[in-house]
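*Asks:* One predicted model, sequence on top.
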Amino acid sequence: MAINDLTPAEARVWRAFARGENVDFRTGPDEDPATGSGWGPGRTVRASVLRALLVSAPQEDGEISALRLTGARITGRLDLTHAVLDRPVRMSHCHFDEAPQLYGVQLPRLSLRGSVLPGLGLASARIDATLGLSECRVHGRVMLAGSHIGGALFLDGARLVAPDAGTPALQLNQATVGDDLWAPGLSVEGGIRLSGASVAGSVDLNEARLCRPGHSALDAETLAVEGDLLVRHAEVQGWFGLRGARIAGRLDLSYSRLTHPDGTSLRASSCTVGELWLRQGPPMAGTLNLRRAQVDVLFLDPGTVPDEVLLNGCTYAALTPQEPAERRLPMLERDGEGYVPHAYEQLTASYLRVGDERSARLVQLAKQRRHRRTLPWPGRLWGVVQDLTVGYGFRPLRAAGWLLSLLAAGSLVYGLRPPRPLKAGEAPEFNPVFYTLDLLVPVISFGQEGAFGPRGWYQWVSYVLVITGWILATTVVAGVSRSVSRQ
């Protein structure tokens, strides 16, 4: 393209390109690029001119060429499909009439900071350094699937709006980011797809707003993050999917609001996380799915737990903050799969690791009571007896209380009306206390039960004491055996 074919604005850009100088068409630093459709020819550059510059413009000796353009209106479609460029590109605060098509492009660096675009096609691209989309406003899809970004990806303050609910507004699936994905304050209407992506640094979505009600607000299945995934003070409308993800550092959802009332709000099943933080936020509107998740440190505020959780197979090395069992147990009762023994064992182990044996016993007692509801009626009845007598072996002093109460009652009854001796002259002196003990304790004999025979309703009292004694003995043995086997 000859320079004689260019408008004055395009000629200015052409001359500056060879020396890598910035061309700024703005009339003020607060100018809104959204009004760019009304900008006149004095600041309008054709996309074909930019393509010619990047692909075939000659370089000047001793200069480093680069495209640095600010505040321009770019007409036509910038098509650099499969182009291999060795010059950095920065088009900040520009207005694009059509979505750039950069599929498979290779270039050192790209920045579109503050620009307004109807979409961006950058799939399967290779960018050696950073990709800057900070404060961009895109009313269309941003396609970054399969791209390789050697440095950081900047999306802080960007606003992305999908044209419809059919596909996500931002597609980063199978993409590779060599540094951080920096996106605090990001606003997305239409969701993000991060499935299969790999981030060598951290992902920062603090104060982000992800809105896609009824669909996936963030689909990050099998995402790999070597640092942290930070989603603090965020609002997520739609489901948050992390199935099979691997996050080496911290998954932090503190102070955030997750809303998907008709399904799963957070799906982190089969994922591996260094630390999972769910705290200081309202309860999730939807199900919390942590099935088969492996977490080193689970920071779980009971106040953030929703009405339904899925915990089968979830393992964690430490549970914090330290809360009494009474605050943790309601979460296990809300498991959508019903009775999940593994969840009770995990909670018990977490209390034992910090030496809180009382809370560990309470969890095991709650486990037995929950299991009882799954049994047929004979098993439920026997479970009630074990619970009332010895608390399934976790409250052995309760059996002593029953024994002392029955001993006192029997001693009083038979002390007021002693039974007759079976053989006059051969029976020992009657003792109401030891006679009652003979009836209650089946394995010990004090010689009282076989020497005396009550009559009438006193005989029925003896039957009750004998039966009760056997029940107490059996439940104590069962409870102690259960406790010993667990130790």
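*Replies:* Received it, and whenever you're ready, just let me know what you need. Residues are numbered from 1 along each chain as shown.
*Asks:* residues in contact with Asp180?
*Replies:* The neighbours of Asp180, taking Cβ atoms under 8 Å, 6 or more residues apart in numbering as the test, are 152-153, 199, 201-204, 227. Any C-beta I mention is one placed from the backbone N, CA and C, and that applies to glycine too.
*Asks:* do Phe452 as well
*Replies:* Here Phe452 is in contact with 418-422, 427, 430, 435 (Cβ under 8 Å, 6+ apart).
*Asks:* how near is the nearest residue to Leu194 once chain neighbours are set aside to Gly191?
*Replies:* Of all residues not flanking Leu194 in the chain, Ala220 sits nearest, at 4.0 Å (Cβ to Cβ, 6 or more residues apart in numbering). Per Cβ to Cβ, to the nearest Å, Ala220 is found 11 Å from Gly191.
*Asks:* Same question for His233.
*Replies:* 19 Å.
*Asks:* Who has more neighbours out of the two?
*Replies:* Gly191 (26 against 18; other Cβ atoms under 10 Å).
*Asks:* The more buried one against Ala208, yeah?
*Replies:* No: using Cβ atoms under 8 Å, Gly191 is not in contact with Ala208, being 11.9 Å away.
*Asks:* show me the contacts for Gln468.
*Replies:* One thing to correct before we go on: residue 468 is Thr, not Gln. Per Cβ under 8 Å, 6+ apart, neighbours of Thr468: 402, 406, 440.
*Asks:* quick check, nearest of these to Ser56?
*Replies:* Comparing the contacts of Thr468 against Ser56 with Cβ to Cβ places Trp402 closest, at 96.1 Å.
*Asks:* what helix or strand is that closest one on?
*Replies:* helix 397-416 (DSSP states H and E).
*Asks:* which of the residues in that helix are buried?
*Replies:* 398-399, 402-403, 406-407, 410-411, 413-414 (16 or more other Cβ atoms under 10 Å).
*Asks:* Return the distance of that helix from the chain's centre.
*Replies:* Centroid displacement of helix 397-416 relative to its chain, using Cα atoms, centre = their mean, to the nearest Å, is 54 Å.
*Asks:* Which neighbouring elements make contact with that helix?
*Replies:* Identification of packing neighbours for helix 397-416 by 3 or more Cβ pairs under 8 Å, 6 or more residues apart in numbering; DSSP states H and E yields helix 377-390, helix 432-440, helix 457-486.
*Asks:* And the helices in the stretch 1-150 of the chain, which stretches?
*Replies:* Along the stretch 1-150 of the chain, counting by DSSP state H, counting those that start in this stretch, helices occupy 8-19, 47-56.
*Asks:* typo on my end, it should be the stretch 201-350 of the chain
*Replies:* 325-333, 341-353.
*Asks:* Please tabulate those in a markdown table, including the columns distance to Gln294 and mean pLDDT.
*Replies:* Compiled in a markdown table, these are given as follows (distance: least, Cβ to Cβ, whole Å; pLDDT from 0 to 100):
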| stretch | distance to Gln294 | mean pLDDT |
| --- | --- | --- |
| helix 325-333 | 18 | 88 |
| helix 341-353 | 11 | 88 |
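*Asks:* Just say which of those helices is most tucked in.
*Replies:* Mean neighbours per residue, mean count of other Cβ atoms under 10 Å, is largest over the helices of the stretch 201-350 of the chain for helix 341-353, with a mean of 18.
*Asks:* So which elements touch the helix or strand following that one?
*Replies:* Going down the chain from helix 341-353, the next helix or strand is helix 357-372, by DSSP H and E. Applying 3+ Cβ pairs under 8 Å, 6+ apart, one finds that helix 357-372 makes contact with helix 325-333, helix 341-353, helix 377-390.
*Asks:* Give the buried residues for helix 357-372.
*Replies:* Going by 16+ other Cβ under 10 Å, helix 357-372 has these buried residues: 359-368, 370-372.
*Asks:* Greatest separation within those: which pair is it?
*Replies:* Using Cβ to Cβ, the pair of the buried residues of helix 357-372 lying farthest apart is Ser359 and Arg372, separated by 20.4 Å.
*Asks:* Out of the helices and strands packed on helix 397-416, which gets the lowest mean score?
*Replies:* For those, mean pLDDT drops lowest on helix 457-486, to a mean of 67.
*Asks:* Any idea which helix or strand in the protein has the lowest mean pLDDT?
*Replies:* Least confident element among the helices and strands of the chain, by mean pLDDT, DSSP states H and E: helix 457-486 (a mean of 67).
*Asks:* Tell me what angle the helix holding Trp402 forms with helix 432-440.
*Replies:* Angular relation of helix 397-416 and helix 432-440 on a 0 to 180 degree scale: 130 degrees, by axes from the mean of the first three to the mean of the last three Cα atoms, to 10 degrees.
*Asks:* Against which helices or strands is the helix or strand following helix 397-416 packed?
*Replies:* Later in the chain than helix 397-416, the nearest helix or strand by DSSP H and E is strand 420-421. Strand 420-421 sits against strand 452-453, with contacts defined as 3+ Cβ pairs under 8 Å, 6+ apart.
*Asks:* just to revisit the earlier point, next, format the helices of the stretch 1-150 of the chain as TSV and append distance to Arg243, mean pLDDT and mean neighbour count.
*Replies:* Shown next, in TSV, are the helices of the stretch 1-150 of the chain (distance: least, Cβ to Cβ, whole Å; pLDDT from 0 to 100; neighbours: other Cβ atoms under 10 Å):
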stretch	distance to Arg243	mean pLDDT	mean neighbour count
helix 8-19	47	90	17
helix 47-56	41	90	18
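*Asks:* May I see those organised as CSV, with distance to Thr272 added?
*Replies:* Output for the helices of the stretch 1-150 of the chain, formatted as CSV (distance: least, Cβ to Cβ, whole Å):
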stretch, distance to Thr272
helix 8-19, 48
helix 47-56, 42
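*Asks:* closest one to Val297 among the ones you listed?
*Replies:* It is, among these and with distance given as Cβ to Cβ, helix 47-56, at 48.6 Å.
*Asks:* quick one: contacts of that closest one?
*Replies:* Residues contacting helix 47-56 (Cβ under 8 Å, 6+ apart): 1, 6, 10, 13-14, 17, 67, 69, 74-80, 83, 85, 87, 89, 91, 98, 100.
*Asks:* roughly how far is that helix from the heart of the chain?
*Replies:* 46 Å.
*Asks:* repeat for stretch 57-70
*Replies:* The answer for stretch 57-70 is 48 Å, by Cα atoms, centre = their mean.
*Asks:* Also stretch 220-234?
*Replies:* Distance, centroid of stretch 220-234 to centroid of chain: 10 Å (Cα atoms, centre = their mean).
*Asks:* what about it, start to end distance?
*Replies:* Taking Cα to Cα, to the nearest Å, the first and last residues of stretch 220-234 lie 16 Å apart.
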